[in-house]
Structures are given as C-alpha cells and as structure tokens.
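**Student:** make a model of this:
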Amino acid sequence: MATHISSCLQEIIIMFLCCTVCNTDISCRNEAGEPVDWFIIYKLPRYKIGEVGSGVDYMYLDSSVGSWQMSKFMVNTSQGALGSTLSQLYMGKAYKSNSSVYALYNDAPPILDYIQGYGHTKGVLLFDHSQGFWISHTIPHFPSFPERGYLYPSSGKVNGQTALCVTYQYEQFSRIAKQMAFLYPRFYNCSVPAAFSADLPPLVQLCEGTKPPLASDKREEQLFSVRGDKFVSFVKSDHFVDDIYTGWVAQRLGADLLVETWQRQGHKLPSNCSLPKHAMNIARIQLPGPVLFQSYHDHSKWCVSQANEDQVTCLGDLNRERAQMWRGGGLVCSFNPLIYKAFRQVVDKYVGC
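**Tutor:** You can find the predicted model right below:
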C-alpha cells in the first residue's frame, strides 16, 4: 500500500514539474496568462459609428476561442494577453539576463525623438535557446522601456490597432533575424548576449545601430509556430519601391486582396486592379457586438483574400499610401482557416476598382 502511494506521489510530482516547465517557457500568453501558440488582438478605435468608446477595449482571438471575443480587460492594463506576454520581459527581468535575447522596435518609439530612415515597422522579440515570441503590431510609442514596466500610450487610444503574437522554437529566430535586416526596424532597446551572436548576425548589427547589407530588395520566409502552424513573412527594403500589397504579395499569393490600412485623407492609394491580382481598399469594419467603424479611424494594417478558396490573412506594417512605397516594412501571412474566417467576416464594405 505504501509503495503504491509513493508511486502515485512520484507521478504527481513529475506531472507538476512538466507543467511548471511548460508554463515557464517564453511564449505568447492568452487572456488567462497561459501559454498559447498564437493570438491576435484588435484594439477598437475610440470613435465608432454611432458611439464614442474608451479607446482601450479590444477583441481577442486564438485557436482555442475560435472567433472574436470581447476582452474583459483593457489594453492599457498589464492584464490580458498583451500585458501577460510582455510581463515575461518586464516582471521576469529577462532584459537583465544573459540567457535570452530581446528587442523592442518602433519607427515611433516611446520617449525618444522621431528619426527618419527606418522601416515603418513595430514589434517585440523575446526568446531564449529553447523558444520565444515575435509580436508584430501597429501601435506607435509602444511598448515602454523594460525598466518602466508595462505602459500603454495615450496616443494609442484614438485609432484601431492590431497585434499578432506567434510562439516559435529557437531555430526559427535565425530566419526571423534575416527578415529583420530588410525591415530595418528602429531597435530602441535590445540585447543580444554573446551566446546567441553567432546564430543571429543581423540582430547583433541592428542592436548595435548598424544597417545589415542586403543581397536583394525583398525576401520571403516560411515560419512554423511551436505547434506547426505555417506563417509566411514577406519583407521589403526601402529599395523595393512599390505598394507591398499590389506589387508583390497579391501576385505572389495568387489572390485578390481586401486591404485594411489607415486611410488618411489625401494620403491613401486607390484600389488597384492593374495587375492580374488586385488590392482593394476596405472602407468599413464590423466586428461582433456589433462594432462598426470607418477605415480612417483604424491604424491597423491587414489584408484578407477576397475569395473563400484562397483563405489567406496577413497582418503587418505598411499602409497603402504613396510615401510608404519608399519604406521598409512587411506582412506576416497565415493560411489558418480560423484566422481567415475571423477577418473575412468583419469586412463590411470595400471599394472595388
């Protein structure tokens, strides 16, 4: 009897330790703070059709919830998916450790002055020799410097914003590093310890403020999340002078794209059907609720294939406006039908050619 109890106790201890290891791995975190393969948030704009909101509420999506869910948290608190994920950098003090790499990048960083010449791109990298996450988002002045803790900028309340977080194994980050060279992001706070430098030369150069040399003007890379979900990263340098949606991604994917980007008056490019595959501007979004808003109140950047059979969704960096044809930036594309359905269903109105 005592032997049986001892055996059961050993099994319980082993299970506990396994779960502890899983929960301490660097990973995207869901609304409950638990590890997740990927998540997407859609921060709602303050000015919606028929109402004025707080500017800090958001919709949440991951593979377990299946469709857009209104979060019970506000994006300007450290709770919820974004705050829980970044707490691994802030509260976990990973920025003080030599056992992990991190990089915060934003062409409009917090506190610091704006400097021209960098790619129009925003995001976060945090990983160790096992795994980590890449967040690509659209929020200027975010995230805050690690020693300041989690802070959401007041400027980020006005417009809609999106963020994609994907958890990757370590070997995927050497591929991501090569993509970063084309993006030429403004790394305003970063660390690449010596133990990682041989695997990640572009990150070392970017962290030191050096622009890595490029062999071409654009690059495509397949990436796989820890659970095997396929993503494709498309990145262009400032030498690829074209609209990334029309001139490259739509043609490469062989799909007509409905594109949601910030459409400021006098800046936006018109819908374009001049090439075999088209890029057409979304004019209005309707998220569950219903929550209805115009594209000029939405600073997010994403696109979705018009036809259901293509089922491609991309989130990224660049607006469809003339000035951004001359800037580095990119898109991360998914072929997950759940993500496609979530984004395709919210297209309320678009402008054909």
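
**Student:** please enumerate the helices of the stretch 201-350 of the chain.
**Tutor:** 201-207, 244, 250-253, 337-344 (DSSP state H, counting those that start in this stretch).

**Student:** and those, which is most packed in?
**Tutor:** When the helices of the stretch 201-350 of the chain are scored by mean count of other CB atoms under 10 Å, the highest mean neighbour count falls to helix 244 (a mean of 30). In this view, the C-beta of every residue, glycine as well, is placed from N, C-alpha and C.

**Student:** which strands or helices does that one pack on?
**Tutor:** strand 329-334 (3 or more CB pairs under 8 Å, 6 or more residues apart in numbering; DSSP states H and E).

**Student:** which outside residues touch the strand it packs on?
**Tutor:** 119-121, 136, 164, 166, 179, 182-183, 223, 229-236, 244-245, 249, 253, 301, 303, 312-318, 340 (CB atoms under 8 Å, 6 or more residues apart in numbering).

**Student:** want to throw the helices of the stretch 201-350 of the chain into JSON lines with distance to S78 and mean pLDDT?
**Tutor:** Shown next, in JSON lines, are those (distance: least, CB to CB, whole Å; pLDDT from 0 to 100):
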{"stretch": "helix 201-207", "distance to S78": "26", "mean pLDDT": "98"}
{"stretch": "helix 244", "distance to S78": "33", "mean pLDDT": "98"}
{"stretch": "helix 250-253", "distance to S78": "37", "mean pLDDT": "98"}
{"stretch": "helix 337-344", "distance to S78": "25", "mean pLDDT": "98"}
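
**Student:** those helices: which one's closest to R284?
**Tutor:** helix 337-344 (14.0 Å; CB to CB).

**Student:** re the thing from before, now distance to G132 too, for the helices of the stretch 201-350 of the chain, in a markdown table please.
**Tutor:** Output for the helices of the stretch 201-350 of the chain, formatted as a markdown table (distance: least, CB to CB, whole Å):
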| stretch | distance to G132 |
| --- | --- |
| helix 201-207 | 12 |
| helix 244 | 26 |
| helix 250-253 | 27 |
| helix 337-344 | 21 |
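
**Student:** between these, which gets nearest to E31?
**Tutor:** helix 337-344 (15.7 Å).

**Student:** thinking C165 is in contact with P35, fair?
**Tutor:** No: under the criterion of CB atoms under 8 Å, C165 makes no contact with P35, lying 11.2 Å away.

**Student:** which helices and strands does the strand or helix carrying G123 pack with?
**Tutor:** Using DSSP states H and E, G123 maps to strand 122-127. Judged by 3+ CB pairs under 8 Å, 6+ apart, strand 122-127 is in contact with helix 80-90, strand 101-106, strand 131-137, helix 172-183.

**Student:** now these in JSON lines, with mean neighbour count, mean pLDDT and distance to P213?
**Tutor:** Output for those, formatted as JSON lines (neighbours: other CB atoms under 10 Å; pLDDT from 0 to 100; distance: least, CB to CB, whole Å):
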{"stretch": "helix 80-90", "mean neighbour count": "24", "mean pLDDT": "97", "distance to P213": "29"}
{"stretch": "strand 101-106", "mean neighbour count": "25", "mean pLDDT": "98", "distance to P213": "19"}
{"stretch": "strand 131-137", "mean neighbour count": "24", "mean pLDDT": "98", "distance to P213": "23"}
{"stretch": "helix 172-183", "mean neighbour count": "22", "mean pLDDT": "98", "distance to P213": "8"}
